[in-house]
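Visitor: Okay, here's the prediction I keep looking at, along with the sequence it came from:
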Amino acid sequence: MQMAHVVCLVLAIFGTQSHGYDVYNIINPNNNGGNLQETVTVDNENNFAIINIHAGSCSSTTVFDYKHRYIASRVLSRRACYILDMKHKAIPALEQLKRYIYERKALKNMYSDKYIWVKYSPLQSLITHVDWFLFGSPIKQLCSHVPLYKGEVVEKTHDIRAKACTKTGFLGILGISICAATDA
């Protein structure tokens, strides 16, 4: 009996490693008294993470593609994708992101003030000819059927001059606000 447990444990460990995926399910209370669910899938072999926030019309999916160095967010209510170059210093490495997720699950009340403000110009930021090879297949799967806008990180929030923002990313770990610029 004890030998069977050891064999099952060994098979489970190798099965997880051979696929290279880590999946985390995080449930948090929201402002309306209900719950908000985030599902995070980390593909260790292909070096990307996918974050799904399940929140009705405010739902979003964000891809952190460390191989191609881009972040893409698709917001359900906007029917659009926003892409961001990952070279900014505020973007954590994949191992750091996994550590944040682990800490968030272990310390249910963990909160981080790490926040990224991204602005885009609705008219000037639209990417009309997309080179999907440059962005990679996870981002192509997420964004190929909706308009794609290129965003840029804004260092100071008063530099945004935005009229409409939406939140994506990891809620409470690494927030991303995507805002339409009004000065374009």
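Guide: Done, it's in.

Visitor: From the contact counts, what lies against the helix or strand containing Leu97?
Guide: Per DSSP states H and E: Leu97 is located in helix 94-106. Helices and strands touching helix 94-106, by 3 or more Cβ pairs under 8 Å, 6 or more residues apart in numbering; DSSP states H and E, are strand 21-29, strand 35-43, strand 48-54, strand 162-170. (C-beta placed from N, C-alpha, C; glycine too.)

Visitor: among the ones you listed, which is nearest Ser73?
Guide: Nearest to Ser73 among the helices and strands packed on helix 94-106 is strand 162-170 (4.1 Å), distances taken as Cβ to Cβ.

Visitor: in the chain, which residue is closest to the centre?
Guide: In the chain, the residue lying closest to the centroid (Cα atoms, centre = their mean) is Thr62, at 3.2 Å.

Visitor: Give me the below-cutoff pLDDT ranges for the protein.
Guide: Confidence mapping of the chain against pLDDT under 70 gives the ranges 1-19, 105, 107-115, 117, 155-164, 170-173, 182-184.

Visitor: please redo it, this time with the cut-off set to 80
Guide: By pLDDT under 80, the weakly predicted segments of the chain are 1-19, 27-36, 56-58, 87-90, 100-124, 154-177, 179-184.

Visitor: follow-up on the earlier one: the residue nearest to the centre of the chain against Thr168, yeah?
Guide: Yes: proximity of Thr62 to Thr168 meets the contact threshold set by Cβ atoms under 8 Å, at 4.9 Å.

Visitor: what touches both of those two?
Guide: Residues touching both Thr62 and Thr168 (Cβ atoms under 8 Å, 6 or more residues apart in numbering) are 51, 53, 73, 176.
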